[in-house]
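> Fold the stuff below for me.
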Amino acid sequence: MEGCFSFEIMNFMAYQYEFMHYRTGDIFNSCRLIEGTYVNLLSKLEMNANKKQWSIGPILQKGSSTRHKSLEWLDKQGPNSVLYISFGSSTTMTDKQIQELAMGLENSKQKFLWVLRDADKARKARLPEGYQERTEGTGIVVTDWAPQLEILGHTSIGGFMSHCGWNSCMESMTMGVPILAWPMHSEQPWNATLITEILEVGIQVTEQAHQMEVVNSSTIEKVVNRLMVSKEGEELRSRAEKLGRQVWQSRDEGGVSQLELSSFMAHLSR
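Numbers count the residues shown, from 1 in each chain. This is a model prediction of the structure:
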């Protein structure tokens, strides 16, 4: 738990336990192909005795009906050539870290699509002076909402630098995209461990013990090139694509997630 949850959140979680006996089961936005071992372990816990566990994911969020400008830029790039960077809507990076990330991406010489949105709405993230002019043609920075699922599903995307929020993990795995894992807080370090050490479809950007420290540009440059232009990166992409096909097919009739959903619906209508 250390480094993941604040004292207040831990108290809130503990408070919920007294109500756990009222429930008949749990629903997860996950797939047994990804976490079957752990769902089975959960079902053996004393607090889950006689409780159902359903993994009905992937639950995917559809984007806007209009095509985002970033997709038009991706159309012009080669297959698996672009690194997508996004840390969700609840993450705030310091100006120093944003500058180091920006320089790492620039120095890597790899193409990138960076969604730079700050959770602190009163603050505007600062890029290095002249950055977008220097990286024109190589990368684009999007400061508004972007259709993540459509971006991850684009053939030009070869990797995803992510904070490892669970929705992002599920979307990336379903679309067969390997992850550069950069967890910030909450359950994200656990998700990053699953991605990198268990499923082996990603690389850690930084050691978890140092996740609160500023990651310098040279470290970022190296890890980006590891994923995008190395044999190791090719192997990660191959495993991620295979897992993505399996997870996607789990939603088909007779697939493991579809069977879980049918079981849940039968439970509701019994």
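
> From now on I want contacts and neighbour counts done on CA atoms only, so please keep to that.
Will do.

> W182: neighbour count?
The number of residues packed near W182 is 23, by other CA atoms under 10 Å.

> Isn't it up against Q204?
Yes. Using CA atoms under 8 Å, W182 is in contact with Q204, at 6.4 Å.

> Residues that sit against both of the two, list them.
Taking CA atoms under 8 Å, 6 or more residues apart in numbering as the contact rule, W182 and Q204 both touch A192.

> burial of the nearest residue to I59 once chain neighbours are set aside, as a residue count?
By the measure of CA to CA, 6 or more residues apart in numbering, the closest residue to I59 outside its immediate chain neighbours is N29, 6.0 Å from it. When counting by other CA under 10 Å, one arrives at 15 neighbours for N29.

> Let me see the backbone angles for N29.
For N29, the backbone dihedrals (degrees, to the nearest 10) come out as phi -80, psi 70.

> how about it, what does it touch?
N29 makes contact with S55, I56, G57, P58, I59 under the criterion CA under 8 Å, 6+ apart.

> what are the phi and psi angles of the first one?
With angles defined as degrees, to the nearest 10, S55 shows backbone torsions of phi -110, psi 100.

> That one and R270, how far apart?
19 Å (CA to CA, to the nearest Å).

> Give me the more crowded residue out of the two.
It is S55, of S55 and R270, that has more neighbours when counted by other CA under 10 Å, with 24 against 6.

> Hmm, E200 is touching L236, no?
Yes. With contacts counted by CA under 8 Å, E200 reaches L236, the gap being 7.1 Å.

> what about the longest helix in this structure?
helix 231-249 (DSSP state H).

> So for that one, what gets flagged as buried?
233-234, 236-244, 246-249 (16 or more other CA atoms under 10 Å).

> Quick one: end-to-end distance for stretch 46-62.
One end of stretch 46-62 to the other measures 37 Å (CA to CA).
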